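[1] Sharing a model that was predicted from the sequence below.
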Amino acid sequence: MELKEKAADFSLKGINKDGEEFEFKLSNYLGKPVVLFFYPGDFGSKCTLEAQDFSEHFKNLADVVEIAGISPDDSASHKEFMEKYDIKIPLLSDPEARIIKAYGICEATNIEDKEFIRSTFLIDKEGKIDSIWKDVNVNGHAEEVLMALKGCE
């Protein structure tokens, strides 16, 4: 995915902020900016910090922006992770790495064959890629995305 390109639509199962399983379809959020952050997996120290920071920085913005984390982990893992670390944003499961590959986070046939590129995409109200962060340093990243969101509204 490249800047100003239409974001690839997708549908994934996930766990919402209330701990319930749901279906996330990107095209359902047209008219509202969307933040997608791709992370390697639940319970890693950087992944935990990133999910907590996004949860904290975006907790009061549900009316303004939709946010979701995406990893290869299943919904059961996401639910346990969210409960243990009080994550209040949806986490989506991409166990076959279809969306991970479509967004260029891991180009290998088997996700274990290549290093995962921690990345975030800000998608504008029209469904186009507004901003991309690759090889994310999690410290301060949620704040950086929040600042970019203010220019995207």
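    Perfect, thanks for sending it.
[2] contacts and neighbour counts: CA atoms only from here.
    OK.
[3] For Lys125, see how far away Lys17 is.
    Noted for Lys17: a distance of 22 Å to Lys125, by Cα to Cα, to the nearest Å.
[4] Hmm, Lys4 is touching Lys128, no?
    Yes: at 5.3 Å, Lys4 and Lys128 qualify as touching, with contact defined as Cα atoms under 8 Å.
[5] If you count neighbours, what's buried in the helix or strand of the chain with the lowest mean pLDDT?
    Least confident element among the helices and strands of the chain, by mean pLDDT, DSSP states H and E: helix 141-152 (a mean of 88). Neighbour-count burial for helix 141-152 flags 141-143, 145-146, 149 (criterion: 16 or more other Cα atoms under 10 Å).
[6] Lys4 and Lys128 - which one has more neighbours?
    Lys128 (21 against 13; other Cα atoms under 10 Å).
[7] For the more buried one, list the residues it contacts.
    3-7 (Cα atoms under 8 Å, 6 or more residues apart in numbering).
[8] before we move on, back to that, and the least confident helix or strand of the chain, how far out from the chain middle?
    14 Å (Cα atoms, centre = their mean, to the nearest Å).
[9] With just CA atoms, put that helix into PDB.
    Presented in PDB, the C-alpha positions along helix 141-152 are these (Å, rounded to 0.1, in the frame of the first residue of the first chain):
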ATOM      1  CA  HIS A 141       4.300   6.400  18.300                       C
ATOM      2  CA  ALA A 142       0.700   6.700  19.400                       C
ATOM      3  CA  GLU A 143       1.200  10.400  20.000                       C
ATOM      4  CA  GLU A 144       2.700  10.800  16.500                       C
ATOM      5  CA  VAL A 145      -0.300   9.100  14.900                       C
ATOM      6  CA  LEU A 146      -2.700  11.300  17.000                       C
ATOM      7  CA  MET A 147      -0.900  14.400  15.700                       C
ATOM      8  CA  ALA A 148      -1.200  13.200  12.000                       C
ATOM      9  CA  LEU A 149      -4.900  12.400  12.600                       C
ATOM     10  CA  LYS A 150      -5.600  16.000  13.500                       C
ATOM     11  CA  GLY A 151      -4.400  16.900   9.900                       C
ATOM     12  CA  CYS A 152      -6.600  14.200   8.400                       C
END
